[in-house]
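Engineer: Provide a 3D model corresponding to the input given below.
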Amino acid sequence: MIRGGSRFSLEYLQTNMAQKLFIQTNGCQMNEYDSDKMRDVLQASHKMEMTEIPEEADVLILNTCSIREKAQEKVFSAVGRWRKMKEKRPEMVIAVGGCVASQEGAAIQKRAPYVDIVFGPQTLHRLPELLDEARSTHKRVVDISFPEIEKFDALPEPRAEGPKAFVSIMEGCSKYCTFCVVPYTRGEEISRPLNDVIAEISSLAKQGVREINLLGQNVNAYRGEMEDNEIAEFSLLLHYVAAVEGIDRIRFTTSHPAEYTDDIIEAFAEIPQLVNHLHLPVQSGSDNILTNMKRGYTRADYLEIMNKMKAVRPNISLSSDFIIGFPGETEEEFEETMALIEEVGFDFSYSFIYSARPGTPAAELADDVSEETKKQRLKKLKTRLDEMTQDISKNMIDTVQTVLVDGVSKKNPLQMTGRTENNRVVNFTAHPRLAGQFVDVVITEALPNSLRARLVESSIDKILNK
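Structural biologist: Numbers count the residues shown, from 1 in each chain. Just a heads-up that it's a prediction; the model follows:
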């Protein structure tokens, strides 16, 4: 890869100030986090300003996700819409990043030669020099390498945008579930040093962040190096995060049942800042399917974790992920999943129909569950889970909930919005000055996708008297 484009970059910026950047993000919270970092590095290096209008952008970035069905085709469909813009403005730069970029590499540019830059999740910090190279050489550039922890070392100082923030504590996954492409697109598990994570969180807290969401493909596999060359496991990291002044709420996603150890459960008993909610993907309630997925735990193992969590947090909200119609799934095995839902009492879930991902072991299996059967099973599962979600929401009526106020409601500018510990959106009438504060509200109505509430006046007095 050619280096040394920085002189060209400086000249370019001197004559083209206020370059515009547009980023389209597909996929998970990790991708949302990565997109924010892409923005940060290009603002720091090239003084770029974000725009929500693709047509006025000088640089267009598509941050891709390979989890969903037909992910590759959706990439080419998206960048294809940008092609006409580039024909009118040849100096416009089109970049494709994320997991599909990592998986497909130069094949993207072969099929879509108008794409200037292809980069992976681990090389987003190199965007400034990749951009300089593409502009100065007028050649297509690819960097989908895995430079381990270098990405985090090269990122600008974290910048808070509201009272909540995501912090990535590790990259990659080493579980190699048979259906998943993540180990191939993001690499093996690599944890950030403990001090680096805490330094980022401390910086965010000083900027007014009150809630931290720790991110990782397999977040509870965190094994971060400490100053004494000891290794901090995830439970210890949780204690360190809780000790950061100003951080009053901690969430994490996504965790894996095979590494959900007793010390993490104990952390929920010891750390009040941990929210009363756990998202723990199970994928299936059938031991046979779990084995074929190479998940590394049984139905009984999962239920044991759930029961232990309920013992330390009796009212904890539990959510999960389900894959429906995995190759070979029988009606009886699907019903085992339905039975698991009832036994655990899930609050909500993310549920998907199985579809093969190229390059994964499961893609070699006969996809012998018909599409119609998959759809019927998914509908049955989602219908029941939606009922359970609504029942829990209705049971929250007349209860007092502590809400972190995000800001003004998008649907009603006269109201404020926030989230409960179990991650429900709540809208209520209050003064905008409460943004970024924790307040108590009484839930008055349960809607399909949110709650309505009234503010507990005494919570305002607590804030004013601080």
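Engineer: C-alpha only now, for contacts and for neighbours.
Structural biologist: Fine.
Engineer: Need the pLDDT of the closest residue to Tyr176 other than its chain neighbours.
Structural biologist: In space, and not counting its chain neighbours, Tyr176 is closest to Pro183: 6.3 Å by C-alpha to C-alpha, 6 or more residues apart in numbering. Per-residue pLDDT puts Pro183 at 91.
Engineer: surely Pro183 meets Gly172?
Structural biologist: Yes - counting by C-alpha atoms under 8 Å, Pro183 does reach Gly172; the two are 5.9 Å apart.
Engineer: Who has more neighbours out of those two?
Structural biologist: The neighbour comparison of Pro183 against Gly172 (other C-alpha atoms under 10 Å) goes to Gly172, with 23 against 18.
Engineer: Please tell me how far that one sits from Glu266.
Structural biologist: According to C-alpha to C-alpha, to the nearest Å, Gly172 and Glu266 sit 26 Å apart.
Engineer: Beta-bridge partners for Leu62, please?
Structural biologist: Note on Leu62: beta-bridge partners Gln24, Val96, judged by DSSP bridges.
Engineer: and if you look at Ser319?
Structural biologist: Going by DSSP bridges, Ser319 forms beta bridges with His279, Phe348.
Engineer: correct me, but it touches Gln283?
Structural biologist: No - using C-alpha under 8 Å, Ser319 is not in contact with Gln283; the gap is 11.3 Å.
Engineer: before we move on, the earlier item: so who does the residue nearest to Tyr176 touch?
Structural biologist: With contact set as C-alpha atoms under 8 Å, 6 or more residues apart in numbering, Pro183 has these partners: Gly172, Cys173, Ser174, Lys175, Tyr176.
Engineer: Reformat those into JSON lines and put pLDDT, distance to Ala57 and secondary structure next to each item.
Structural biologist: Output for the contacts of Pro183, formatted as JSON lines (pLDDT from 0 to 100; distance: C-alpha to C-alpha, whole Å; DSSP: H, G, I helix; E, B strand; the rest coil):
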{"residue": "Gly172", "pLDDT": "89", "distance to Ala57": "31", "secondary structure": "coil"}
{"residue": "Cys173", "pLDDT": "93", "distance to Ala57": "34", "secondary structure": "coil"}
{"residue": "Ser174", "pLDDT": "94", "distance to Ala57": "38", "secondary structure": "coil"}
{"residue": "Lys175", "pLDDT": "94", "distance to Ala57": "39", "secondary structure": "coil"}
{"residue": "Tyr176", "pLDDT": "95", "distance to Ala57": "38", "secondary structure": "coil"}
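Engineer: So which of these is the closest to Leu340?
Structural biologist: Each of those was scored against Leu340 by C-alpha to C-alpha, and Lys175 proved nearest at 23.0 Å.
Engineer: State the distance from Met98 to Gln283.
Structural biologist: Not quite, residue 98 is Gly, not Met. According to C-alpha to C-alpha, Gly98 and Gln283 sit 24 Å apart.
Engineer: hmm, I was thinking of Pro257
Structural biologist: 10 Å.
Engineer: mind listing what the nearest residue to Met48 once chain neighbours are set aside touches?
Structural biologist: Distance criterion C-alpha to C-alpha, 6+ apart; nearest residue to Met48, sequence neighbours excluded, is Gln19 at 4.9 Å. If you count contacts by C-alpha under 8 Å, 6+ apart, Gln19 has them with His46, Lys47, Met48, Glu49, Ala57, Asp58, Val59.
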